[in-house]
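**Q** okay, sequence plus prediction incoming.
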Amino acid sequence: MKISAIITLKNDVLDPQGKVIHQTLDGMGFDNVNEVRQGKYFEIDVKENDPKKAKEIVENMCSKLLANLVIENYKIIETQ
Amino acid sequence: MKSSVITFPGSNCDRDMDVALKKFGFNNKMVWHNDSELPKSDLIVLPGGFSYGDYLRCGSMASKSKIMQSVINFAKSGGLVMGVCNGFQILVEAGLVPGVLLRNKYLQFICKNVFVKLENKENSYFKNLDKNILEFHIAHNEGNYFCTNDQLKEIEDNNQIALYYCDNEGQINENFNPNGSIKNIAGIFNKNKNVLGMMPHPERMIDQSLSGEDGSLFFKNLINNIR
């Protein structure tokens, strides 16, 4: 089954790319933005049909490789 | 003295490091990332480059390669492991030194000579070195050293900061911080000071006609310390 993982930078970590995107949006006329934070999105098709187990597998992947827990948080979502 | 340089797919400073180590007397071997055993070594070097195309996070893939388990065991048993540039990024991803290297603050790839100051000589890398300020070369996009406040306290309490970016007189302040690193940190030790990760490239400073000789001082001193 497909499991998604969203990796985001922790709040106290500087995100210069997010800042530049924010400035660009501002320049385009999107002046109603408070803040932009850039992250990563993974869609992983796991060979496991039990949602609980599938999520556990992806969680393990997140903590060991997909996210660096010094600077990033992850959130796991069941896609189908 | 025996050294080994690990080559990952995308490493591009491995040969320079090999030349530098041999020039100053190391019997160096090149080791492929997919090997599982290290040759008998007094020093392991993780070179600069763009291992795995910097996919996911710089150094993250390389830190999980086959040879790294042997490198981690070697480091844990007290062996000297030095990571330069991408090698430093691999060390942080492998958890051998604390912290992480973020994208440079101003989002630019930086390629220039910098001065770095060393304040801790109680280790095999810098012991007996005459100079405290060295001119090295940096070339990176992700060299912005970051760690949590708790980690920073621990690093400072244990004297783990190896190198600071500074000016030619050793002044450490924001004006001489090329990439936004916390406290101008350019290099970090592990707790036992046998693992050193640094962004600057000493191997690019081993010939007066090319760039400078501060790398020569570093390598000459290093091999004497290990002997």
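**A** That came through fine.
**Q** hey, let's count contacts and neighbours off CA atoms from now on
**A** OK.
**Q** tell me who's in contact with residue 71.
**A** Here I'm looking at chain A. A:Leu9, A:Lys10, A:Val13, B:Val100, B:Cys147 (CA atoms under 8 Å, 6 or more residues apart in numbering or on different chains).
**Q** switch to chain B, that's the one I care about
**A** Counting by CA under 8 Å, 6+ apart, B:Val71 touches B:Leu38, B:Ile44, B:Val81.
**Q** pLDDT at whichever residue of chain B sits closest to chain A, what is it?
**A** Residue nearest to chain A within chain B: B:Lys105 (6.4 Å; CA to the nearest CA). The score at B:Lys105 is 92. That number is its pLDDT.
**Q** pretty sure it sits against B:Asn179.
**A** Yes. B:Lys105 lies in contact with B:Asn179 (CA atoms under 8 Å); the separation is 5.3 Å.
**Q** can you point out the buried residues in the longest helix along chain B?
**A** Secondary structure of chain B per DSSP state H: the longest helix is helix B:214-226. Buried residues in helix B:214-226, counting neighbours by 16 or more other CA atoms under 10 Å in any protein chain shown, are found at B:Asp214, B:Gly215, B:Ser216, B:Leu217, B:Phe218, B:Phe219, B:Lys220, B:Asn221, B:Leu222, B:Ile223.
**Q** please apply the same query to stretch B:151-169.
**A** Buried residues in stretch B:151-169, counting neighbours by 16+ other CA under 10 Å, are found at B:Leu152, B:Ile155, B:Asn159, B:Gln160, B:Ile161, B:Ala162, B:Leu163, B:Tyr164, B:Tyr165, B:Cys166, B:Asp167.
**Q** so where's chain B uncertain?
**A** For chain B, applying pLDDT under 70 flags no range at all.
**Q** got a pLDDT number for the residue in chain A that chain B sits nearest to?
**A** The nearest approach of chain A to chain B comes at A:Pro16, 6.4 Å away (CA to the nearest CA). The per-residue pLDDT reported for A:Pro16 equals 87.
**Q** in chain A, what residue spans correspond to strands?
**A** For chain A, strands defined by DSSP state E occupy the ranges A:2-9, A:40-45, A:72-78.
**Q** what's the most buried one of those strands?
**A** strand A:2-9 (a mean of 19; mean count of other CA atoms under 10 Å in any protein chain shown).
**Q** what strands line up against that one, and which way round?
**A** Strand A:2-9 has these partner strands in its sheet, going by DSSP bridges: strand A:40-45 (antiparallel), strand A:72-78 (antiparallel).
**Q** ok, residues contacting it?
**A** Residues from elsewhere that reach strand A:2-9, judged by CA under 8 Å, 6+ apart: A:15, A:37-46, A:54-55, A:58, A:62, A:66-67, A:71-80.
**Q** now that strand: mean pLDDT?
**A** Here the average pLDDT along strand A:2-9 is 96.
**Q** quick check: residues of chain B near chain A?
**A** Within chain B, the residues that sit near chain A (CA under 8 Å from any CA of the partner chain) are B:Leu56, B:Ser60, B:Glu93, B:Gly99, B:Val100, B:Arg103, B:Lys105, B:Tyr106, B:Leu107, B:Cys147, B:Thr148.
**Q** at 7 Å what do you get?
**A** B:Gly99, B:Lys105, B:Cys147 (CA under 7 Å from any CA of the partner chain).
**Q** ok, and the second one, which helix or strand is that part of?
**A** Assigned by DSSP states H and E, B:Lys105 belongs to neither a helix nor a strand.
**Q** pretty sure it contacts B:Ser181?
**A** No. The pair B:Lys105 / B:Ser181 is not scored as a contact, 8.1 Å apart, by CA atoms under 7 Å.
**Q** neighbour count winner among these two?
**A** Higher neighbour count among B:Lys105 and B:Ser181: B:Ser181, with 22 against 19, using other CA atoms under 10 Å in any protein chain shown.
**Q** quick one, what contacts the more buried one?
**A** B:Asn144, B:Tyr145, B:Phe146 (CA atoms under 7 Å, 6 or more residues apart in numbering or on different chains).
**Q** please apply the same query to B:Val5.
**A** So B:Val5 contacts B:Asp14, B:Asp18, B:Lys29, B:Met30, B:Val31, B:Ile44, B:Val45, B:Leu46, B:Pro47 (CA under 7 Å, 6+ apart).
**Q** thinking again about what came up before, let me know the closest of the residues of chain B next to chain A to B:His137.
**A** The nearest member of the residues of chain B next to chain A to B:His137, counting by CA to CA, is B:Lys105 at 18.4 Å.
**Q** that's all I had, so thanks and see you.
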